[in-house]
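Student: next input, structure requested:
(one chain, ligands or ions: 1)
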Amino acid sequence: MSNNFSMDGKVVVVTGAAGGMGTAITRTLVEAGARVVACDRAAEPLRELCGSLGDAAADVAGDITDPDTVQRMVSTAVERFGRLDAALNGAAIEFESVPLHETSDEDFELMMHVNVTSLFRCMRAEIRAMLAAGNGGSIVNIASTNSFKPQPNQPAYTASKHAVLGLTRSAALDYASSGIRVNAICPGTIDTPMLRNAIERRGRNPEEVAKRLSRFGRFGTPQEIADATLWLCSDASSFTTGHALAVDGGMLGA
Ligand SMILES: NC(=O)c1ccc[n+]([C@@H]2O[C@H](COP(=O)([O-])OP(=O)(O)OC[C@H]3O[C@@H](n4cnc5c(N)ncnc54)[C@H](O)[C@@H]3O)[C@@H](O)[C@H]2O)c1
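Tutor: Next up, the predicted model:
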């Protein structure tokens, strides 16, 4: 592996760190040499994850809809580890299985509040810290294949993931001159609690879903998202910004 993939000396914040992808992402970044501030509202699994990673990880338990949690996450990176080089914004929710005309105001607003407004606030805090330090940085947002190709009965989730791409591309344009790169990963069907819950809610057969939505006939693994995250957080992707990277078993492209 080229040294450009090394995260030695770098500090990263990760939201949704206790989730299916977040756990693999946090571990992979630490294994590559990073120190990670891991944030999630699931306090117990978060504590266990960080405990298993020793001094290289700090846990910030809290809800990212609370601006104080977002500020604590970024402040912990700067105050405890001395800097902020990269961020992975992965915390999100998905609970729908109805079309738009049956979607309540409450459900739409909740989805946008967590998946868009809170991600926007995370990006804002991360960018402010990176601008203050003047060393550039890399921000990676988890969008979705839904950012390009919706699945049925997910109007609010689909809208929220389109918005994540909008925030990604807009920030990529505005902060390239400051050396801050901003990219998105668009996962397809990745084997995590979020996917398994969605399949169960719809009464679908997991094998049928995997065959229909992936050209490899299987779900992706959290590690496959973690490896893409490592590339985008590290100097190995130094000429890449404003990009939406599909990690989707060919769902969008083939
Ligand atoms: N699994 C898939 O197939 C798939 C596909 C496309 C996109 N995604 C996206 O990937 C990302 C990771 O999802 P996952 O599959 O690992 O799901 P997951 O449910 O396993 O993990 C999500 C994590 O985010 C945390 N979280 C949710 N809301 C939060 C809040 N308000 N404050 C703090 N933490 C919060 C949860 O506690 C959980 O640990 C999400 O952005 C999701 O939308 C997932």
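Student: in the protein, what residue is nearest the ligand?
Tutor: The ligand sits closest to G19 of the chain, with a gap of 2.0 Å, by CB to the nearest ligand atom. For the C-beta atoms, the positions are set from N, CA and C on the backbone; glycine is no exception.
Student: surely that residue meets I190?
Tutor: No - taking contacts as CB atoms under 8 Å, G19 lies outside contact range of I190: 10.4 Å.
Student: roughly how far apart are the residue of the chain closest to the ligand and E224?
Tutor: Distance, G19 to E224, by CB to CB, to the nearest Å: 15 Å.
Student: neighbour count: the two, which is higher?
Tutor: Neighbours per residue, other CB atoms under 10 Å: of G19 and E224, the larger number sits with G19, 24 against 19.
Student: what residues are up against the more buried one?
Tutor: G19 makes contact with 40, 42, 90-91, 192-194, according to CB atoms under 8 Å, 6 or more residues apart in numbering.
Student: quick check on it: phi, psi?
Tutor: Dihedral pair for G19: phi -80, psi -180, per degrees, to the nearest 10.
Student: same deal with the one 5 residues further on?
Tutor: Its backbone dihedrals place A24 at phi -70, psi -40, with angles given as degrees, to the nearest 10.
Student: quick one: A184 is in a strand?
Tutor: Yes - membership of A184 in a strand is supported by DSSP: H, G, I helix; E, B strand; the rest coil.
Student: give me every residue that touches it.
Tutor: Contacts of A184 by CB under 8 Å, 6+ apart are 140-143, 147, 164-165, 168, 243-245.
Student: for it, report the pLDDT, please.
Tutor: On the pLDDT scale, A184 is placed at 99.
Student: now it: how far from T221?
Tutor: The gap separating A184 from T221 is 19 Å, by CB to CB.
Student: over to G51?
Tutor: For G51 relative to T221 (CB to CB), the value is 23 Å.
Student: give me the more crowded residue out of these two.
Tutor: T221 (15 against 10).
Student: that one touches I190, doesn't it?
Tutor: Yes - applying CB under 8 Å, one finds T221 in contact with I190, separated by 7.0 Å.
Student: now do the helices in the stretch 101-250 of the chain.
Tutor: 105-112, 118-133, 155-175, 193-201, 206-213, 222-233 (DSSP state H, counting those that start in this stretch).
Student: any idea which of those is most buried?
Tutor: For those, the largest average neighbour count (mean count of other CB atoms under 10 Å) is found in helix 222-233, namely a mean of 22.
Student: I figured N183 hits S238, correct?
Tutor: No - with contact defined as CB under 8 Å, N183 and S238 do not form a contacting pair (11.6 Å).
Student: more neighbours: which of those two?
Tutor: Neighbour totals were compared for N183 and S238, and N183 leads with 25 against 12 (other CB under 10 Å).
Student: quick one, what contacts the more buried one?
Tutor: By CB under 8 Å, 6+ apart, the neighbours of N183 are 138-141, 168, 172, 232, 237, 240-245.
Student: now A244, nearest residue through space, not along the chain?
Tutor: Leaving out its chain neighbours, the residue that sits closest to A244 by CB to CB, 6 or more residues apart in numbering is A184, at 4.7 Å.
Student: surely V114 touches A91?
Tutor: Yes - counting by CB under 8 Å, A91 is a contact partner of V114 at 7.2 Å.
Student: related to what we said a few turns ago, would you turn the helices of the stretch 101-250 of the chain into TSV with distance to A34 and mean pLDDT?
Tutor: Listed next are the helices of the stretch 101-250 of the chain as TSV, based on distance: least, CB to CB, whole Å; pLDDT from 0 to 100:
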stretch	distance to A34	mean pLDDT
helix 105-112	30	98
helix 118-133	15	98
helix 155-175	21	98
helix 193-201	24	96
helix 206-213	31	97
helix 222-233	8	98
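Student: sketch out the low-pLDDT regions of the stretch 1-150 of the chain for me.
Tutor: Low-confidence segments of the stretch 1-150 of the chain, defined by pLDDT under 70: 1-2.
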